[in-house]
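J.: Here's my sequence, what's the structure:
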Amino acid sequence: MKKSLFFVLMIVALLLAACGAPAATEAPAAEAPAAEAPAAEAPAAEVPAGEPEACAAELGCAVIPAGSTIKLGYAGPMTGDYSQFGIDMSNAMKLAVADFGDVEGFKVELVAEDDLASAEGAAAVANKLVTDPTFVAMAGHAFSGATSAAMPIYEKAGVPMLSPSATNPDLTKAGSTVFNRSAFTDAQQADGAAAYLFNTLGVKKLAVMHDGTDYGQGLAKGVEAKYKELGGEVVGELVAVTPGESDYSAPLASVAAAAPEAIYFGGYNAEAAVLVNQMKVAGLEGVKFFSGDGIYGKDFIEKAGANAEGVYSATLVPSASDAITAFNTVYKTSYGEDAGVLSAYTWNSYDSASALIAAIKSVAVVSGDSLYIPRGALVAAVRGLKDFQGIAGVITCQADGECNASGPVFYVVKDGVWVPAE
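T.: Numbers count the residues shown, from 1 in each chain. Next comes the predicted model:
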């Protein structure tokens with residue numbers, strides 16, 4: 001793959017201060033009484049011949065022999081109803097690897113795995129990846145439920161994560177030392193959506209639905225609470241749908257009975273498309289439909305057709321800039337598709353992979369014919385990311401792993417395409 005056009009523009013942003021873990025120092029032995037033999041010194045931690053001292057620290061080192069590649073992981077849905085997310089995100093990460101994936105002469109390889117957007121799939125992927133001694137970091141997982149299931153496995157192995165899209169607020173409340181994210185949280189998204197519905201669109205009666213997932217239910221409850229706080233009326237109960245079904249006429253009839261002015265749906269594109277396609281028959285013609293970043297992208301519009309017109313979505317699509325323009329050109333040339341068409345996470349995914357590579361460079365040490373990456377130092381380097389200038393914005397990680405200071409922006413379908421909402 002050719003180098004991206006903006007490699008020179010971005011390379012300065014990737015120079016991070018080295019944060020390799022220092023070698024442990026021994027405390028001096030206490031002075032023994034004159035009549036007693038001097039206390040024996042504790043033996044220093046042994047490091048195999050040729051390994052850097054940093055490898056004596058807890059978790060040791062990933063060792064990349066000459067001729068091998070440094071494995072950077074990505075995990076998301078690569079098949080099924082949500083595959084557009086996995087395809088788009090991994091495509092963007094491949095461009096980051098092409099731009100920056102050389103560490104002291106050792107190449108970075110993106111290993112993209114299909115976790116089926118499920119907890120079981122994510123655990124299976126994580127258990128598989130951590131058995132590879134050259135696997136050092138995870139630019140994922142994509143979905144929150146999958147991320148939650150995989151986190152303990154990476155925690156035990158000392159593999160840092162920087163997800164561009166796992167937005168459930170609870171993920172950074174679990175006390176994980178390895179999980180970080182560059183996306184805004186569902187709490188930020190829910191507050192922004194409720195305020196936009198109430199203040200900008202002037203909706204005074206709102207129905208709230210969700211798909212029962214951690215992501216969808218969390219968003220729905222957040223919107224409900226914030227909307228009520230602003231003075232709006234949430235009509236009826238929270239209505240749940242079962243993911244993967246093709247008929248939601250019964251839950252929509254329940255919503256229609258409450259006569260809302262708008263529906264907020266917490267969930268993903270496949271279910272959202274079924275809902276908007278059946279709203280008219282359910283007596284909800286003219287009712288606004290508003291959802292989260294999980295429906296943004298071409299797939300929803302293709303599935304919903306003309307019924308997608310006027311639908312709103314929260315996204316993290318960045319503002320225009322020279323770097324974004326250059327990236328978009330390379331993405332289109334590489335994949336024949338415009339950046340941001342498949343999902344809203346294109347640019348964030350590029351930045352997450354780029355930032356992880358920068359952190360790897362900051363701690364990697366060459367000794368002999370091998371590259372050594374101290375795992376504990378890498379975990380600290382990722383959590384310690386500060387003022388990393390990506391194409392989508394600046395990444396600075398807080399002590400809990402929250403690395404994004406920006407909030408959501410809102411888009412609406414107009415003439416069959418997503419455009420910024422006014």
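J.: what's downstream of the helix or strand where E224 lies, the next helix or strand?
T.: Take DSSP states H and E as the rule and E224 turns out to sit in helix 214-230. The first helix or strand that comes after helix 214-230 along the chain, using DSSP H and E, is strand 233-234.
J.: Which elements pack onto that following strand?
T.: Contacts defined by 3 or more C-beta pairs under 8 Å, 6 or more residues apart in numbering; DSSP states H and E place strand 233-234 against strand 205-210, helix 214-230. In this view, the C-beta of every residue, glycine as well, is placed from N, C-alpha and C.
J.: List the strands paired with the shortest one, with their directions.
T.: Spelled out, that is strand 205-210. strand 233-234 (parallel), strand 239-240 (parallel), strand 262-266 (parallel) (DSSP bridges).
J.: rewinding a little: between the helix holding E224 and strand 262-266, how many degrees?
T.: 140 degrees (axes from the mean of the first three to the mean of the last three C-alpha atoms, to 10 degrees).
J.: can you pull the buried residues of helix 214-230?
T.: 214-224, 226-227 (16 or more other C-beta atoms under 10 Å).
J.: if I read this right, L252 contacts E285, doesn't it?
T.: No: judged on C-beta atoms under 8 Å, L252 makes no contact with E285 at a distance of 11.5 Å.
J.: Settle it for me: which of these two has more neighbours?
T.: L252 (26 against 9; other C-beta atoms under 10 Å).
J.: Report the contact partners of that one.
T.: By C-beta atoms under 8 Å, 6 or more residues apart in numbering, the residues touching L252 are 275, 278-279, 282, 284.
J.: Among those residues, which one lies nearest to E337?
T.: L275 (25.9 Å; C-beta to C-beta).
J.: That closest one falls within a helix, correct?
T.: Yes: assignment of L275 by DSSP: H, G, I helix; E, B strand; the rest coil places it within a helix.
J.: That one touches M209, doesn't it?
T.: Yes: applying C-beta under 8 Å, one finds L275 in contact with M209, separated by 7.3 Å.
J.: circling back: switch the buried residues of helix 214-230 over to CSV; also include distance to V159 and pLDDT.
T.: Converted to CSV, those look like this (distance: C-beta to C-beta, whole Å; pLDDT from 0 to 100):
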residue, distance to V159, pLDDT
D214, 22, 86
Y215, 23, 91
G216, 28, 95
Q217, 28, 94
G218, 25, 93
L219, 28, 96
A220, 32, 97
K221, 31, 97
G222, 30, 97
V223, 34, 98
E224, 36, 98
K226, 35, 98
Y227, 39, 98
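J.: Just name the closest of these to S352, please.
T.: Lowest distance from S352 to the buried residues of helix 214-230 (C-beta to C-beta) belongs to Y215, with 18.0 Å.
J.: residue ranges for the helices of the chain, please.
T.: Per DSSP state H, the chain carries helices over the ranges 7-11, 83-100, 119-129, 144-157, 186-195, 214-230, 249-257, 269-278, 298-304, 322-335, 346-363, 375-383.
J.: now stretch 195-204: how far from the chain's centre is it?
T.: Offset of stretch 195-204 from its chain centre (C-alpha atoms, centre = their mean, to the nearest Å): 28 Å.
J.: angle of the helix holding E224 against helix 186-195?
T.: With the same axes, to 10 degrees applied, the angle from helix 214-230 to helix 186-195 works out at 50 degrees.
J.: Helix 214-230 to helix 119-129, inter-axis angle?
T.: If you take the same axes, to 10 degrees, helix 214-230 sits at 120 degrees to helix 119-129.
J.: same for helix 214-230, what does it pack against?
T.: For helix 214-230, the elements it packs on are helix 144-157, helix 186-195, strand 205-210, strand 233-234, strand 262-266, judged by 3+ C-beta pairs under 8 Å, 6+ apart.
J.: where does this protein have low pLDDT?
T.: Scanning the chain for pLDDT under 70 picks out 1-49, 405.
J.: winner for burial among the helices of the chain?
T.: helix 346-363 (a mean of 27; mean count of other C-beta atoms under 10 Å).
J.: how far off helix 322-335 does it point, in degrees?
T.: Using the same axes, to 10 degrees: helix 346-363 against helix 322-335 is 100 degrees.
J.: circling back: overlap in contacts, L252 and E285.
T.: By C-beta under 8 Å, 6+ apart, L252 and E285 have these common neighbours: M279.
J.: Does A62 touch Y372 like I think?
T.: Yes: here A62 reaches Y372: they are 7.4 Å apart, a contact under C-beta under 8 Å.
J.: how many neighbours does W418 have?
T.: Neighbours of W418 using other C-beta under 10 Å come to 24.
J.: Repeat that for the one 3 residues further on.
T.: Other residues within reach of A421 by the criterion other C-beta under 10 Å amount to 18.
J.: Next up, the contacts around it.
T.: Counting by C-beta under 8 Å, 6+ apart, A421 has contacts 196, 200, 312, 410-412.
J.: Show me which pair in those is furthest apart.
T.: That would be T200 and Y411, which, of the contacts of A421, are the farthest apart (C-beta to C-beta) at 13.1 Å.
J.: Those two: which has the busier surroundings?
T.: Shown here are T200 and Y411; by other C-beta under 10 Å, Y411 has more neighbours (21 against 12).
J.: Can you give me the domain assignment for this structure?
T.: What automatic domain parsing lists as the domains of the chain is 58-184+320-395, 186-315.
J.: so how far does the shortest one reach from one end to the other?
T.: Distances were taken as C-alpha to C-alpha, to the nearest Å; on that basis the terminal residues of domain 186-315 are 11 Å apart.
J.: What of the first one?
T.: From the first residue to the last, domain 58-184+320-395 extends over 27 Å; the measure is C-alpha to C-alpha.
J.: same thing with stretch 279-289?
T.: Using C-alpha to C-alpha, first and last residues of stretch 279-289 are 9 Å apart.
J.: ok so, going back, and among the strands paired with strand 205-210, the most buried is which?
T.: Highest mean neighbour count among these (mean count of other C-beta under 10 Å): strand 262-266, with a mean of 26.
J.: and that strand with helix 269-278, angle?
T.: 160 degrees.
J.: who touches strand 262-266?
T.: So strand 262-266 is contacted by 193-194, 197, 201, 203, 205-211, 215-221, 223-224, 227, 255, 271-272, 275, 279, 284, 287-292, 294-295 (C-beta under 8 Å, 6+ apart).
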